[in-house]
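Novice: would you be able to build a 3D model of this:
(one chain, ligands or ions: 2)
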Amino acid sequence: MTKASPDVISRAGELRDIITEHNYQYYVLDDPRVPDAEYDRLFRELQDLETQYPDIVTPDTPTRRVGGSVETTFEEVVHRIPMLSLDNAFSDEELRDFDRRVKDRLKTGDDIEYVCEPKLDGLAVSLHYESGVLTRAATRGDGYTGEDITANIRTIPSVPLRLRGDKVPELVEVRGEVYMPREGFEALNRRLANKGEKTFVNPRNAAAGSLRQKKPTVTARRPLELCAYSVALEDESLLPATHWEGLQQVSAWGFRINPEMRRATGAEDCLQAYNELMGKRASLPYEIDGIVFKVNSLALQQQLGFVSRAPRWAIAQKFPAQEELTVIEDVEFQVGRTGAITPVARLKPVFVGGVTVSNATLHNMDEIRRLDARIGDTVFVRRAGDVIPQVVKVVAERRPANAREVELPDACPVCQSDIVQIEGEVVARCSGGLFCPAQRKEAIRHYASRKALDIEGLGDKWIDILVDRELVNTVADLYLLKKADLTGLERMGEKSAGNLIDAIDRSRKPVLWKFLYALGIREVGEATAKGLASYFGTLESISEADEDALQSVPDVGPIVAGHIRSFFDQTHNQETIQALKDAGVQWQAEEITASQKPLKGETWVLTGSLSGMTRDDAKSKLESLGAKVAGSVSGKTSCVVAGEAAGSKLTKAENLGVPVMDESAFVDFLATHGLE
Ligand SMILES: NC(=O)c1ccc[n+]([C@@H]2O[C@H](COP(=O)([O-])OP(=O)(O)OC[C@H]3O[C@@H](n4cnc5c(N)ncnc54)[C@H](O)[C@@H]3O)[C@@H](O)[C@H]2O)c1
Ligand SMILES: [Zn+2]
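Specialist: Ligands and ions are numbered 1, 2, ... in the order given. Alright, predicted model coming up:
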């Protein structure tokens, strides 16, 4: 046996200290300082040293103990049968080695039957039933002594408080994993983040933190579930012959068992089960970090026995880690199609969740402050399933002296317009909505939409083609398109090109509110646009109004006023509006100022169908003249416009002596007010 050098002895001592500290952070505080993958590497390094130099093993080495410990918050519970950990295999070869060791020990050449179970990423609990009634629940703790968490366990709906069936043995112990499904975990973290509280790094820590609460009422509000994975009976003669049958028994008593469990014979079959489960990993509603293989025969399990930390009859083969450590090398800002500015961390490339990751979203500035993430920081990156990679935690102890704070830039990285963050809003935005290339397609789509300028035929497909070919950069360019520009594009025929040009042409004379709405100013919907148009009368006065003046309009509060102001403050947006004017776009209510509204104070009613315009058109024209448009006729009605097939409203108007206009009279009336 080679003797350990002083270097080896000191490295082993250092590893023991580091691992012991990580155990404390992880098991007691539920707040790990390093991702599992890093922990596993340290653990493996120590294990390898101890295998190579058995004389350096100390009685308290963490490789020979179950990691957890017991907190004074809870009563202690001594486990009748120790709750051990599991050995790990990190490769196919290590799994084959395990299978070989099992066969050697059992002195058999026959293939062994295993039960393959997903390794749910939560925490182990032991549940005791006396005469079928749940009497005590405990955590694993250090494997020999756990914590009494009975009150908390009772709040989990999938834990049976009473076992089903009438032939339940007197004393039953069921073990299983308490875990938090993905969806519940994400919702919990969103809730905590909204309150500015610390979030959980992953579902495992969320489950552990939720279960080990002083107040069961807190646990009750956390979305926890239990899956059972083993059973022990005081009277062992009542046990079935195999672990698999034990699971069926547990299921019959009313426990949830994992539907992905299956049996496999021999190492190669196990490896196939590993690959199959791996393929399903991302689509499962909960997280698993590997697969557990257990010798199925309980007699063989007994023969194999235990070592200090884990049974010899089981092993966990790990899946690729979903969390790793890396460094934020820089933070850049991206502009979304609605102008939202998203900070993105440029990372030192790291292999995580099965791929190399070099970018991770930081969502927004609030999130950066909540994480206290700086450029140069070492961080946990998490990539679970198909979800985009995220920075979930900063390792504060590893912050270098020259770490830099992240600052929101003043100007949009794409179009240089001002970036604004309205007070009370989380998201910062580029204010060059009409101009910004990042927002181009969205701006055109909105402008042409049915409720805005209603340009028939200008759908997403066309917008993509026109923008990608740089035929249209801003909405103003639409009006410069010629039929010849379009024919020949993507099988566009003469006729449809002509139709599109005509539709664009027809949109040249919108009413003011529709035009205002079409500009796509944030939070300015139809109703707000109508309110602004009728209050101010002209686009000039709206674009010049200060935030106070804007807030005189019903439904316009400080946030909306802020968005309107920052929109019109952008020269780029003003230039685009000017370009629209130059291209011949004329918004109709421009000449009608508030004092000139001829129908102010009047209530009109529309009935029957008009042949030359839609009901909505007629309504907005009347509104632009100051009238209110009502749905029913009364003595106070000023005038009824009766189209084809007008019914009871017309009769009622006639009975009440309310003035009535037919369509042609109405069209003439509008024309006298400059409305076509
Ligand atoms: N990041 C850190 O600082 C840190 C610290 C300590 C431990 N850890 C992580 O914990 C692991 C070691 O932890 P461990 O000893 O708690 O256990 P383990 O996770 O390696 O394996 C044992 C546990 O697996 C769970 N399990 C899930 N499904 C199971 C099934 N079907 N059958 C049996 N058990 C099942 C049980 O909770 C059981 O206690 C390390 O690999 C590491 O990844 C991380
Ligand atoms: Zn921009």
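Novice: pLDDT (mean, whole number) over whichever helix or strand residue 497 is part of?
Specialist: Per DSSP states H and E: residue 497 is located in helix 494-506. Here the mean pLDDT over helix 494-506 is 90, rounded to a whole number.
Novice: over to stretch 580-597?
Specialist: For stretch 580-597, the mean confidence score works out to 72.
Novice: thinking again about what came up before, counting contacts, what elements does the following helix or strand past the helix holding residue 497 pack onto?
Specialist: The first helix or strand that comes after helix 494-506 along the chain, using DSSP H and E, is helix 512-518. Using 3 or more CB pairs under 8 Å, 6 or more residues apart in numbering; DSSP states H and E as the contact criterion, the elements in contact with helix 512-518 are helix 526-536, helix 539-544, helix 615-624. Quick note: C-beta positions are derived from backbone N, CA and C, even for glycine.
Novice: quick one: the ones you listed as TSV, columns for distance to residue 120 and mean neighbour count too.
Specialist: Supplementary listing: those in TSV, determined by distance: least, CB to CB, whole Å; neighbours: other CB atoms under 10 Å:
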stretch	distance to residue 120	mean neighbour count
helix 526-536	50	21
helix 539-544	58	16
helix 615-624	56	20
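Novice: out of these, which is closest to ligand 2?
Specialist: Checking those against ligand 2 by CB to the ion gives helix 539-544 as the closest, at 19.3 Å.
Novice: what is the subsequent helix or strand relative to the closest one?
Specialist: helix 547-550.
Novice: follow-up on the earlier one: among the helices and strands packed on helix 512-518, show the one with the smallest mean pLDDT.
Specialist: Among the helices and strands packed on helix 512-518, helix 615-624 has the lowest mean pLDDT, at a mean of 85.
Novice: what residues does the stretch 151-300 of the chain have near ligand 1?
Specialist: Listed as neighbours of ligand 1 in the stretch 151-300 of the chain under the rule CB under 6 Å from any ligand atom: 177, 229, 292.
Novice: again with the chain
Specialist: So the chain meets ligand 1 at 22-23, 25-26, 32-36, 39-40, 66-67, 85-86, 88, 117, 119-120, 123-124, 140, 177, 229, 292, 316 (CB under 6 Å from any ligand atom).
Novice: just the buried residues from those, in PyMOL please.
Specialist: Buried subset of the residues of the chain next to ligand 1, written as a PyMOL selection, criterion 16 or more other CB atoms under 10 Å:
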select buried, resi 22+23+26+32+33+34+35+36+39+66+67+85+86+88+117+119+120+123+124+140+177+229+292+316
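Novice: so how far is the first residue of stretch 546-558 from its last?
Specialist: Between the start and the finish of stretch 546-558 there is a gap of 11 Å, counting by CA to CA, to the nearest Å.
Novice: would you mark the buried spots in stretch 542-553?
Specialist: For stretch 542-553, burial by neighbour count (16+ other CB under 10 Å) applies to 542, 543, 545, 550, 551, 553.
Novice: okay but the fourth one is in contact with residue 563, surely?
Specialist: This means residue 550. No. With contact defined as CB atoms under 8 Å, residue 550 and residue 563 do not form a contacting pair (9.8 Å).
Novice: distance check, the residue nearest the centre of the chain against ligand 1.
Specialist: With distances taken as CA atoms, centre = their mean, the chain has residue 186 as the residue nearest its mean C-alpha position (6.8 Å). From residue 186 across to ligand 1, the span is 20 Å (CB to the nearest ligand atom, to the nearest Å).
Novice: that residue: what secondary structure?
Specialist: Secondary structure for residue 186, judged by DSSP: H, G, I helix; E, B strand; the rest coil, is helix.
Novice: where does it land on pLDDT?
Specialist: Taken from the predicted model, the pLDDT recorded for residue 186 is 93.
Novice: equivalent analysis for residue 630, please.
Specialist: The predicted local distance difference test score for residue 630 is 89.
Novice: quick check: nearest residue in space to residue 319, chain neighbours excluded?
Specialist: Among residues not flanking residue 319 along the chain, residue 290 sits closest, at 5.1 Å (CB to CB, 6 or more residues apart in numbering).
Novice: helix/strand/coil for that neighbour?
Specialist: Applying three-state DSSP to residue 290 yields a three-state assignment of strand.
Novice: mind giving me JSON lines with the helices and strands packed on helix 512-518 and columns for distance to residue 425?
Specialist: Putting those into JSON lines (distance: least, CB to CB, whole Å) gives the following:
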{"stretch": "helix 526-536", "distance to residue 425": "16"}
{"stretch": "helix 539-544", "distance to residue 425": "21"}
{"stretch": "helix 615-624", "distance to residue 425": "30"}
